[in-house]
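Colleague: okay, sequence plus prediction incoming.
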Amino acid sequence: MGIVVSSSSAEVIADPARFLAEIQAGNLVYLSDLDRVVTLAEVDDEDDDMVSLRSNKTGIDNIIFVSTKGRGRHAPRIKIAVDPPDTLNAASATASMTIHDYSIRGEHVPSHLAEQARRFIETNRAACSIFGNAQSTALN
């Protein structure tokens, strides 16, 4: 944990360069008026290893991202864009569904959307599994 620097949102607006410098130095900035701590998040290379697929290719109402296993942190999975549902930004509000057992983590997914995602995985299980284990292939 870095040094905790006390500030407020008004001070951040007045001097954004100081705020940025503190964050880049690895310090935590406590915004007293918001009762929140802000820190620089570690960048996850996982988003570089995803394929983004639109609903016209998947039959799922929302955009999905098929993820590789990454560095072993999680099982192969798909991410479902939740808010907004049509974003190509995997860092937006999403839910994850594992390929092997359909378990869902993250944002709430309505049951009809979960069912669409399950059907997509069932139809494309081999391709999802191969890509999920960091190999490449074409998905339907």
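Modeller: It's in. In this text the structure is predicted, and so the values were computed from the model without any measurement. Numbers count the residues shown, from 1 in each chain.
Colleague: neighbours of residue 11, how many?
Modeller: Residues lying near residue 11 (other C-beta atoms under 10 Å) number 16. Bear in mind the C-beta positions are built from the backbone N, C-alpha and C, glycine included.
Colleague: measure it to residue 35 for me?
Modeller: According to C-beta to C-beta, to the nearest Å, residue 11 and residue 35 sit 15 Å apart.
Colleague: got the confidence number for the spatially most central residue of the chain?
Modeller: Nearest to the geometric centre of the chain sits residue 91, at 4.2 Å (C-alpha atoms, centre = their mean). We have a pLDDT of 74 for residue 91.
Colleague: from residue 14, how far out is it?
Modeller: Remark: distance between residue 91 and residue 14 (C-beta to C-beta) = 28 Å.
Colleague: same deal with residue 121?
Modeller: In this view, residue 121 and residue 14 are 50 Å apart by C-beta to C-beta.
Colleague: which one of those two is surrounded by more residues?
Modeller: Shown here are residue 121 and residue 14; by other C-beta under 10 Å, residue 121 has more neighbours (22 against 11).
Colleague: and that one, that's in a helix?
Modeller: Yes. Inclusion of residue 121 in a helix is indicated when DSSP: H, G, I helix; E, B strand; the rest coil is applied.
Colleague: gap between it and residue 105?
Modeller: Residue 121 is 15 Å from residue 105, where distance means C-beta to C-beta.
Colleague: count the residues that sit near residue 57.
Modeller: For residue 57, the count of nearby residues is 13 (other C-beta under 10 Å).
Colleague: okay, strands next: where are they in the protein?
Modeller: With strands called from DSSP state E, the chain shows them at 4-7, 28-31, 36-38, 50-53, 64-67, 77-83, 93-98, 104-106.
Colleague: okay, these in TSV with distance to residue 127 and mean neighbour count next?
Modeller: Converted to TSV, those look like this (distance: least, C-beta to C-beta, whole Å; neighbours: other C-beta atoms under 10 Å):
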stretch	distance to residue 127	mean neighbour count
strand 4-7	47	15
strand 28-31	42	18
strand 36-38	40	13
strand 50-53	10	17
strand 64-67	8	24
strand 77-83	11	23
strand 93-98	15	19
strand 104-106	20	14
